[in-house]
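*Asks:* got a predicted model here, sequence first, then my questions.
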Amino acid sequence: MKKIGIVKDELFLKHTNGPQHPECPERLESINSMLDSSGLIKKLDLLDPVDATVDQILSAHTEQYFNKVKDTKGVDVYNFDPDTSSNAYTYDAAMRGSGGFLSSIDKVLNDELDYSFAFPRPPGHHAEADRAMGFCFFNHVAVAASHLLSKGLDRVIVIDWDIHHGNGTQHIFYDNPNVLFFSIHQFPFYPGTGSLDEFGKGEGEGYTVNLPVPPMLADADYNKLFELILTPVIEQYKPQYILVSAGFDAYFVDPIGNMQITESGFAQLTRYVMNAADKYCEGKLSLVLEGGYNVMGLASITKLVLEELLEINTTEILLPEDFRNLEFVIEGVLGTYSKYWKFD
Ligand SMILES: [Zn+2]
């Protein structure tokens, strides 16, 4: 069995965006009760998360924006945008979310853990350097990628399979070849970014790889797209660390997304990133929860994903018999990215 560290904390349950909001504490409560009732919690290393330092947050965010979030500490409600608001605990929860993810990564780097998975709230990938949006305040995966660069790494890949485009992460590293940002996302869809016209700029040109896809794709479709597009990019980039923005809102009954990914599909994506990490970067792999709004589904998906990471299961990656429905997607992506990467 692999040694898997997970990050969870009571503070993550205290942040709310207000009543009747899909990004609610029940999301993590559902995962927590599954961990207890399944006995999985006994097979995992439960990490004791620490808060991020101010400098760690400032590696991805502006000081002015950081102070704006900090000023909401203890304030009942502050609306950052129409669907993103803080309460008295949001600042503390976001600091511990980033810090917890970082401490799990340090343990993977030191070989104390094989892989890690952090379950913070609020989530992170929509947070821009200078503003909150899309339920996100501090961009945990961006803080993590910056942390790895500060440790001397110069090829970190972020794989974002949340159904929404990770606009914040993309923009923070848009001109930086040391962080390759790959995102598969429903398009057009919130937040509107992530088209094939966005491929990085300056020294970072070609190091943003967007895979905008139509709705209703199934498990095998995602696997096929990963095999055809992501695998050659990983092979050529040779990442030293794989970070995953693991949203679960491409789930087939998610109330926000419109994909057809099953629990097994997420286990297959997990198997894919494990295989890639084992093959190209000595198993250096850490995942962080982003979206996912079907409360029961979050528990059942997380169960299979953790069992995959622990290697209690070894799920076979299924490929479609027919992928004609994907041809126009593949042609578009290859048309843009063949300039930067070699595809077979
Ligand atoms: Zn999402």
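*Replies:* On my side now, so go ahead.

*Asks:* is Ser245 bridged to anything, and to what?
*Replies:* For Ser245, the beta-bridge assignment (DSSP bridges) gives partners Asp160, Val288.

*Asks:* now Thr262: how far from the ion?
*Replies:* Thr262 sits at a distance of 17 Å from the ion (criterion: CB to the ion, to the nearest Å). Every C-beta, even on glycine, is put in place using the N, C-alpha and C of the backbone.

*Asks:* with Ser195 instead?
*Replies:* Relative to the ion, and taking CB to the ion, Ser195 is found at 17 Å.

*Asks:* near the ion, which residues of this structure?
*Replies:* Asp162, His164, Gly247, Asp249, Gly291 (CB under 5 Å from the ion).

*Asks:* for the residue of the stretch 201-344 of the chain found nearest the ion, helix, strand, or coil?
*Replies:* Nearest to the ion, among the residues of the stretch 201-344 of the chain, is Gly291, at 2.8 Å (CB to the ion). Following DSSP: H, G, I helix; E, B strand; the rest coil, the label given to Gly291 is coil.

*Asks:* tell me if I'm right that it and Trp161 touch.
*Replies:* No. Judged on CB atoms under 8 Å, Gly291 makes no contact with Trp161 at a distance of 10.4 Å.

*Asks:* burial of Lys284, as a residue count?
*Replies:* Residues within reach of Lys284, counting by other CB atoms under 10 Å, total 22.

*Asks:* no no, Phe117
*Replies:* For Phe117, the neighbour count with other CB under 10 Å is 24.

*Asks:* hang on, it in a strand?
*Replies:* Yes. Counting by three-state DSSP, Phe117 is found in a strand.

*Asks:* show the contacting residues for the residue nearest to it when sequence neighbours are not counted.
*Replies:* Once flanking residues are discounted, Phe117 sits nearest to Leu287: 4.6 Å by CB to CB, 6 or more residues apart in numbering. For Leu287, the contacting residues are Tyr115, Ser116, Phe117, Ala118, Leu243, Val244, Ala246, Thr270, Val273, Val305, by CB atoms under 8 Å, 6 or more residues apart in numbering.

*Asks:* now pLDDT too, for those, in TSV please.
*Replies:* Output for the contacts of Leu287, formatted as TSV (pLDDT from 0 to 100):
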residue	pLDDT
Tyr115	98
Ser116	98
Phe117	99
Ala118	99
Leu243	99
Val244	99
Ala246	99
Thr270	98
Val273	98
Val305	98
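
*Asks:* can you say which of those are buried?
*Replies:* Neighbour-count burial (16 or more other CB atoms under 10 Å) is assigned, among the contacts of Leu287, to Tyr115, Ser116, Phe117, Ala118, Leu243, Val244, Ala246, Thr270, Val273, Val305.

*Asks:* quick one: residues contacting the fourth one.
*Replies:* Contacts of Ala118 were listed using CB under 8 Å, 6+ apart, and they are Ile6, Val7, Pro49, Gly97, Gly100, Phe101, Ser104, His140, Ser286, Leu287, Val288, Leu289.

*Asks:* count of neighbours near the residue nearest to the last one when sequence neighbours are not counted?
*Replies:* It refers to Leu289. Nearest non-adjacent residue to Leu289, counting by CB to CB, 6+ apart: Phe119, 4.8 Å away. For Phe119, the neighbour count with other CB under 10 Å is 24.

*Asks:* how about the contacts made by Phe119?
*Replies:* So Phe119 contacts Ile6, Val7, Lys8, Phe12, Leu28, Ile31, Leu289, Thr302 (CB under 8 Å, 6+ apart).

*Asks:* need the max-distance pair from those.
*Replies:* Greatest spatial distance in those: Phe12 and Thr302, 14.0 Å, computed using CB to CB.

*Asks:* measure the closest residue to Asn167 other than its chain neighbours to the ion for me?
*Replies:* Distances taken as CB to CB, 6+ apart put Thr193 closest to Asn167, at 4.4 Å, once the chain neighbours are dropped. Between Thr193 and the ion the distance is 13 Å, computed by CB to the ion.

*Asks:* show me what contacts Thr193?
*Replies:* Counted by CB under 8 Å, 6+ apart, Thr193 has contacts His165, Asn167, Gln170.

*Asks:* any idea how far the second one lies from Gln56?
*Replies:* Using CB to CB, to the nearest Å, Asn167 is found at 21 Å from Gln56.

*Asks:* at which residues are the strands of the chain located?
*Replies:* Secondary structure of the chain (DSSP state E): strands at 4-7, 45-46, 78-81, 84-86, 115-118, 156-160, 179-186, 208-213, 241-246, 285-289.

*Asks:* and of the ones you listed, who's closest to Trp341?
*Replies:* Nearest of the strands of the chain (CB to CB): strand 208-213, 7.8 Å.

*Asks:* find residues that contact each of Gly291 and Trp161.
*Replies:* Shared contacts of Gly291 and Trp161 (CB under 8 Å, 6+ apart): Gly247.

*Asks:* quick one: contacts for the residue in the stretch 51-200 of the chain that the ion sits nearest to?
*Replies:* As assessed by CB to the ion, the ion sits closest to His164 within the stretch 51-200 of the chain, at 3.6 Å. Contact analysis of His164 by CB under 8 Å, 6+ apart lists His125, His126, Gly134, His185, Gln186, Phe189, Tyr190, Pro191, Gly247, Asp249, Glu290, Gly291.
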